[in-house]
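> the amino acid sequence is not available; the structure is as follows:
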């Protein structure tokens, strides 16, 4: 009886592994429509170096896009951006940063660029060119400076 249970579990694991395998492509058509629109709008001249399609349980996917210039953009299953990380001390496009966050950064960190933004379920994390990380509410209210350990 124990052998049958082990064999059944092994079969389930083998069956599930291919379903969760990641795939790689450079074809923008593999992205959901909102993700393609985001790239066209905010990175019109950007060339895609690689798209990683992360497959999770229950047929959920998310997408990691790496641009030729090193910029990394992550999208949810629905194609909504979840993080943007610029390379080479470039600033995240202003249009994707909520106005309240842009205003706070320009007022309190004059001369700093927002080089990374991550949208969580209940807050934003923003990294500045000096390496300072800030946390904001979804409405853009400053909450705190984030320690490296957070």
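Thanks, I have the structure now. Treat the numbers as computed from the prediction; the structure is a model and nothing was measured. Numbers count the residues shown, from 1 in each chain.
> among the helices and strands of this structure, which has the poorest mean pLDDT?
Between all helices and strands in the chain, the lowest mean by mean pLDDT, DSSP states H and E belongs to helix 2-19, at a mean of 53.
> give the next helix or strand downstream of that one.
Moving toward the C-terminus from helix 2-19, the first helix or strand encountered (DSSP states H and E) is strand 23-25.
> average pLDDT for that next one?
In this model, strand 23-25 has an average pLDDT of 77.
> other SSEs contacting it?
Identification of packing neighbours for strand 23-25 by 3 or more Cβ pairs under 8 Å, 6 or more residues apart in numbering; DSSP states H and E yields strand 48-55. Backbone N, C-alpha and C define where each C-beta goes, glycine included.
> give me the mean pLDDT for the strand it packs on.
If you average the per-residue pLDDT over strand 48-55, you get 88.
> name every strand pairing with that strand and say which way it goes.
Take DSSP bridges as the rule and strand 48-55 pairs in its sheet with strand 23-25 (antiparallel), strand 61-67 (antiparallel).
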